[in-house]
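sequence first, predicted model second:
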Amino acid sequence: MFFLTTAIDYTNGSPHIGHAYEKVLADVIARYHRLTGEEVYFLTGVDQHGQKVQQTAEKEGVSPEEFVKRTTGKFSRLWTKLGVEYDGWAETTDVRHKACVQSILSNLYTKDQIYRKSYKGHYSVRQEQFLTDRDRDATGNFGPEWGEVTEIEEENYYFKLSEHTDWLKSFLEGPLETILPAFRKTELLNAIDRNTGTDLCISRPKERLRWGIEIPFDANFVTYVWFDALINYISFIGFTPDSSLPVFDDVWTDRPVHIIGKDIMVPAHGIYWFAILHALGFTDEKMPQLLVHGWWNIRGEKMSKSLGNIVDPDQLADTFGTEALRYYLVRDIHTGKDSDFDLDRLVMLYNTELANELGNLCNRALNMSQRFTDGIISPGGPLTADDTNLQQSLIDTTAAYRKAMDNHEISQGLEALNRHVVHCNQYAERMKPWELNKNLQSKDRLATVLHHLAESVAHCAVLLSPILPGAAVKLASQLNLATLSKLKLDDLKWGLIPLHHEINPPTPVFPRIEVKAVEET
RNA sequence: CGCGGGAUGGAGUAGUCAGGUAACUCGUCAGGCUCAUAACCUGAAGAUCGUAGGUUCAAAUCCUGCUCCCGCAACCA
């Protein structure tokens, strides 16, 4: 089973473009793996506990329960809108999750992995947090932004993180590929070196924070949000068996992939999570891989002069359509790196690659079949070098696409696909089916050419389906090939279209986005 | 010397791990085609690959110094 997760989003506000990116990326990867024939379990959800939620709820005069219910809806509705299809949904206030966290805490407590100790430090009442030396200003004092700072002593529970750092270092330096892309590994190893000898405080006294999971062996404390949140990756697939959840061993069969942003690799996932799993007895071969993605930077004023200032993914989907947004989010960023979010580029990439190249190819190919051969696709006469070259291009493209997608490099996969689209347009230009149609003697040749184009459209529809499921369905429908959506990658061999198959009349699948129309919205 | 990433034609990026003709998209200019969503195709101009050195027959790519940009720096969800 291919088990894939995203970070669970903190329900303290509305989803932004970065949240949307991560979920779309995960959805594309999940759909791709389904296309390869693998069994997939895709888990995503929301993180609902913690101080920030408690504070914001208080500020708005509602209970934390009501507040998270409201914000959670914003996330789940957006994923539906964007076509993000997950198998499991994690909410950390779920009783099943609470039970699992508490059972893990008890387990680790029994195994002497959790202990109680007192900590003395500078505490900011206004910010409700302990301060460290890094929070001091240039003069070595705590600035006015912290309000009243007092030195207090507090008892808390600690997880023996330090007992696992030696293992973690050797594990990361070992042969198993764990951090993707690889350049992030150095950063993590450095962080571990700095961390050596420090344990992790996993409790918060209830006087300060009530919105959390109670520590099972001490009712005066709740669980630190990160310890709570990370456990969602196992609690919602039945780590603590529950009839309403999957069977854990069926889902976590080998190495899951956690998709996370670069901001939460250190320390949460790269250190805490690996240490927790290690403490729970997970072997190296079962340790997750972290797919660490970059950020979308918003390019300030330059960004939206011509199009209006929209960064809310919900609104973007309304304005440009979910397929255009999905395409842009995985097309204009190389997985792992940062990119600038730019509406002009969204429109440009959609219009160029989807409307002009792919969409127009499909439209002209199917339209010619409709007009010249009554919508019937037949193999025609003997093949020429041009035909076999096109078939070879399709084989090469599929191979390059698979290689890129296996490495989670969606943009490269799409580049491969686009190369074949260009090849097809060039082919059409050289073969000139509109000329062939004028001469009765070349009817066989015409059929062959149109067959090659239609066959290419069918292949492209399948290859595109993880990224743009909606467009794939439309293309399949225009080809009158409902079976297309059931195909796996290995089925992609020449001959998807049956002999003398009749297609439906085409309509543009990717209508151009007109900037003028956008400006009016 | 805190850590990591980045600097490549007008714009945005790939290529750097495994040195060997500088690639792609947009934009610009010129042509062609007419099946198609004013789409498609062909050609051209435009880069001494941040900077100064070094290694090499050969450096965008390896090594060293420097400059500038971005993010992070761990009870701060």
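Arrived safely. Quick caveat: nothing in here was measured; it's all calculated off a predicted structure.

going forward, measure contacts and count neighbours with C-alpha atoms only.
Will do.

in the stretch 101-250 of chain A, what spans have low per-residue confidence?
A:124-129, A:132-141, A:143-147 (pLDDT under 70).

what parts of it come near RNA strand B?
With CA under 7 Å from any atom of the strand as the criterion, the stretch 101-250 of chain A meets RNA strand B at residues A:119-121, A:129-130, A:132, A:134, A:183-184, A:186-187, A:190-196, A:200-201, A:224-226, A:229.

quick one, phi/psi of residue A:377?
Residue A:377 adopts backbone torsions of phi -100, psi 120, taken as degrees, to the nearest 10.

and the helix or strand where residue A:219 lies, which strands flank it?
Secondary structure from DSSP states H and E places residue A:219 in strand A:218-223. Strands adjacent to strand A:218-223 in the sheet, as given by DSSP bridges, are strand A:203-205 (antiparallel), strand A:214-215 (antiparallel).

okay, buried residues for that strand please.
A:221-223 (16 or more other CA atoms under 10 Å).

of those residues, closest to RNA strand B?
residue A:223 (9.8 Å; CA to the nearest atom of the strand).

list the contacts of that closest one.
By CA atoms under 8 Å, 6 or more residues apart in numbering, residue A:223 lies in contact with A:202-204, A:212-215.

after the lowest-mean-pLDDT helix or strand in chain A, which helix or strand is next?
The least trusted helix or strand in chain A, going by mean pLDDT, DSSP states H and E, turns out to be helix A:300-304, with a mean of 30. Toward the C-terminal end, the helix or strand that comes next after helix A:300-304 (DSSP H and E) is helix A:313-320.

contacting residues around whatever helix or strand comes next after that following helix?
Using DSSP H and E, the helix or strand that follows helix A:313-320 in sequence is helix A:322-331. Residues from elsewhere that reach helix A:322-331 (CA under 8 Å, 6+ apart): A:21, A:24-25, A:81-83, A:316-317, A:346, A:349-350, A:410-411, A:414, A:467-468, A:470-471.

give me the phi and psi angles of residue A:122.
Torsion angles at residue A:122 (phi, psi; degrees, to the nearest 10) stand at phi -80, psi 130.

show me the contacts for it.
Counting by CA under 8 Å, 6+ apart, residue A:122 touches A:130-132, A:149-152.

out of these, which are buried?
A:130-131, A:149.

and these as JSON lines, adding secondary structure and distance to residue A:101?
Shown next, in JSON lines, are those (DSSP: H, G, I helix; E, B strand; the rest coil; distance: CA to CA, whole Å):
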{"residue": "A:130", "secondary structure": "strand", "distance to residue A:101": "25"}
{"residue": "A:131", "secondary structure": "strand", "distance to residue A:101": "28"}
{"residue": "A:149", "secondary structure": "strand", "distance to residue A:101": "33"}
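
nearest to RNA strand B among the residues you listed?
The closest of the buried ones among the contacts of residue A:122 to RNA strand B turns out to be residue A:130 (CA to the nearest atom of the strand; 5.6 Å).

surely that closest one and residue A:142 touch.
No: applying CA atoms under 8 Å as the test, residue A:130 and residue A:142 come out as separate, 11.5 Å apart.

and stretch A:208-219, how far apart are its ends?
14 Å (CA to CA, to the nearest Å).

OK, contacts around residue A:217?
Taking CA under 8 Å, 6+ apart as the criterion, residue A:217 is in contact with residue A:106.

cool, and the one 4 residues further on?
By CA under 8 Å, 6+ apart, the contact list for residue A:221 reads A:203-206, A:214-215.

the closest residue to it other than its chain neighbours: how many residues sit nearby?
Spatial nearest neighbour of residue A:221, chain neighbours left out: residue A:205 (4.4 Å); criterion: CA to CA, 6 or more residues apart in numbering. Residue A:205 has 20 neighbours, counted by other CA atoms under 10 Å.

also residue A:483?
10.

just say helix, strand or coil for it.
helix (DSSP: H, G, I helix; E, B strand; the rest coil).

give the contact list for it.
By CA under 8 Å, 6+ apart, residue A:483 has no neighbours at all.

what's the distance between it and residue A:465?
To residue A:465, residue A:483 is 13 Å away according to CA to CA.

how about residue A:389?
Taking CA to CA, one finds residue A:389 at 24 Å from residue A:465.

ok, the two, which is more surrounded?
residue A:465 (20 against 13).

state the pLDDT value of the closest residue to that one other than its chain neighbours.
Using CA to CA, 6+ apart and skipping residues adjacent in sequence, the residue nearest residue A:465 is residue A:472, 5.1 Å away. pLDDT, residue A:472: 97.

now name the helix or strand holding residue A:472.
Assigned by DSSP H and E, residue A:472 falls in helix A:469-478.

buried residues in that helix?
By 16+ other CA under 10 Å, the buried positions in helix A:469-478 come out as A:469, A:471-478.

could you dump it to PDB, C-alpha only?
Taking Å, rounded to 0.1, in the frame of the first residue of the first chain, the C-alpha atoms of helix A:469-478 are listed here in PDB:
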ATOM      1  CA  PRO A 469      -9.000  14.700 -13.600                       C
ATOM      2  CA  GLY A 470     -11.800  16.800 -14.900                       C
ATOM      3  CA  ALA A 471     -10.200  17.500 -18.200                       C
ATOM      4  CA  ALA A 472      -9.300  13.800 -18.600                       C
ATOM      5  CA  VAL A 473     -13.000  12.900 -18.200                       C
ATOM      6  CA  LYS A 474     -14.000  15.500 -20.800                       C
ATOM      7  CA  LEU A 475     -11.400  14.200 -23.300                       C
ATOM      8  CA  ALA A 476     -12.500  10.600 -22.800                       C
ATOM      9  CA  SER A 477     -16.100  11.600 -23.400                       C
ATOM     10  CA  GLN A 478     -15.200  13.400 -26.600                       C
END
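
so which elements touch it?
helix A:443-464 (3 or more CA pairs under 8 Å, 6 or more residues apart in numbering; DSSP states H and E).

so the helix it packs on, near RNA strand B or not?
No: Helix A:443-464 lies apart from RNA strand B when judged by CA under 7 Å from any atom of the strand; the minimum separation is 9.8 Å.

so the host helix or strand of residue A:369 versus helix A:443-464, what angle?
Element membership for residue A:369, per DSSP H and E: helix A:360-372. Relative orientation of helix A:360-372 versus helix A:443-464 (axes from the mean of the first three to the mean of the last three CA atoms, to 10 degrees): 150 degrees.

helix A:360-372 near RNA strand B anywhere?
Yes: Helix A:360-372 lies within reach of RNA strand B by CA under 7 Å from any atom of the strand, at A:360-365, A:367-368.

selection in PyMOL covering whichever of those residues are buried, please.
A single PyMOL command selects the buried members of the residues of helix A:360-372 next to RNA strand B (16+ other CA under 10 Å):
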select buried, chain A and resi 360+361+362+363+364+365+367+368
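
the helix holding residue A:472 vs helix A:360-372, what angle?
Using the same axes, to 10 degrees: helix A:469-478 against helix A:360-372 is 10 degrees.

among the strands paired with strand A:218-223, which comes closest to residue A:72?
Each of these was scored for nearness to residue A:72 using CA to CA, and the closest is strand A:214-215 (21.7 Å).

give me the neighbour count for the residue of the stretch 301-450 of chain A found nearest RNA strand B.
Across the stretch 301-450 of chain A, no residue is closer to RNA strand B than residue A:359, which sits at 2.8 Å (CA to the nearest atom of the strand). The tally of other residues near residue A:359 (other CA under 10 Å) stands at 25.

spatially nearest residue to it (excluding sequence neighbours)?
The shortest distance from residue A:359 to any non-neighbouring residue, by CA to CA, 6+ apart, is to residue A:510 (5.6 Å).
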